[in-house]
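1. Coordinates only, no sequence provided:
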């Protein structure tokens, strides 16, 4: 995205690249815009945070309250099922936040240096933060980290006094508004905006002009932004189970089911799939039927992850297995066969 953003700054904000007038050893802001009123520093989120998150997850998995899901599940589903979700959530946020705070710290130094090198009475200093391709940096997480960061203090003074606002761009996350794929432009204002309200207008100008320049449309989210979905990279060819997972994300037909209804589906799927690969069972299925049940199992585990339902919530119960067999119209000997295997 960075080259497009740079083109936008030059074309729509009358941006002048400061590299043309300052050496790399004295780098300050990247651009001055609107006749010096606006100073912009661009930073990319290059660190995906995977190593930090993996280290934390290795530690958390050793704890007895760490939930178990079948298949994949969003991180929030794991957090919600721990004994202390608030603390665990803060730990995860801290690890993710490091990748956001590091470019913020660098930009703060550069924008403060710019203010000294190019002093003027009225100036808005902005960090444009760009997510090139990392799923972990969703708009909600980035906004949360930045909001708390720009309001933090050190020695009684703002920690990031060089930054009046941060605008976050990502095209790895999107939603659909009025039948159009819509990307978020997240604005986090610094404390200086509350004393100089006009700065908020300048920051809003950047958002609106970007929307009109990049797509011809701009939607104001207000205080209730929509939920954004991660855009998956879909290869030209993929294993069957990955194609099924992508198709379910596009059409999550189980999403409206209650937990009780999902439990019924789970009982039915596990009853059938537990017999599929055994010989001499009272249930015979064709290869196409087996494929269908395997796909149903994958869709179900995907939805359980989405709804934060760990596998321990659906422990095996013989009475529920009998009920599942009756709903499916299976022979009465199916459950007895499974019970015999469990007893042997």
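-> Nice, I can see it. All of these numbers come straight from a predicted model, not from anything done at the bench.
2. in the stretch 51-200 of the chain, which spans are strands?
-> Using DSSP state E, counting those that start in this stretch, the strands of the stretch 51-200 of the chain run over residues 124-131, 153-154, 157-158, 165-170, 173-177, 180-182, 185-189.
3. Look at residue 331 and give its secondary structure.
-> coil (DSSP: H, G, I helix; E, B strand; the rest coil).
4. That one and residue 290: what is the separation?
-> 17 Å (CB to CB, to the nearest Å). To be clear about C-beta, it is placed using only N, CA and C from the backbone, and glycine gets the same treatment.
5. do residue 254 as well
-> For residue 254 relative to residue 290 (CB to CB), the value is 20 Å.
6. of the two, who's got more company?
-> Higher neighbour count among residue 254 and residue 290: residue 254, with 18 against 14, using other CB atoms under 10 Å.
7. Pull the contacting residues for the closest residue to the more buried one other than its chain neighbours.
-> Of all residues beyond its chain neighbours, the one nearest residue 254 is residue 303 (4.2 Å), with distances taken as CB to CB, 6 or more residues apart in numbering. Applying CB atoms under 8 Å, 6 or more residues apart in numbering, we find residue 303 in contact with 248, 252, 254-255, 257, 262.
8. which of those residues lies closest to residue 109?
-> residue 252 (44.9 Å; CB to CB).
9. Show me what the helix or strand containing residue 205 is packed up against.
-> According to DSSP states H and E, residue 205 maps onto helix 198-214. If you count contacts as 3 or more CB pairs under 8 Å, 6 or more residues apart in numbering; DSSP states H and E, helix 198-214 packs onto helix 2-12, strand 124-131, strand 165-170, strand 185-189, helix 192-195.
10. hang on, the earlier thing: out of the strands of the stretch 51-200 of the chain, nearest to residue 87?
-> Closest of these to residue 87 is strand 153-154, at 23.5 Å (criterion: CB to CB).
11. Would you mind naming the helix or strand containing residue 261?
-> Assigned by DSSP H and E, residue 261 falls within helix 259-276.
12. Other residues contacting that helix?
-> 254, 257, 281-283, 285, 290, 293-294, 296-297, 300, 303-304, 307, 309, 313-314, 316-317, 320-321, 323-325, 327-328, 330, 334-335, 337-338.
13. Apart from its chain neighbours, what residue comes closest to the residue nearest the centre of the chain?
-> Closest to where the C-alpha atoms of the chain average out (CA atoms, centre = their mean) is residue 138, at 3.7 Å. Spatial nearest neighbour of residue 138, chain neighbours left out: residue 173 (5.4 Å); criterion: CB to CB, 6+ apart.
14. Now for that neighbour: which residues touch it?
-> 138-139, 183-184, 228-231.
15. For it, give the beta-bridge partners.
-> residue 230 (DSSP bridges).
16. quick one: it from residue 328, how far?
-> Noted for residue 173: a distance of 40 Å to residue 328, by CB to CB.
17. wait, doesn't residue 333 sit right on residue 282?
-> Yes - contact criterion CB atoms under 8 Å: residue 333 and residue 282 qualify, at 4.5 Å.
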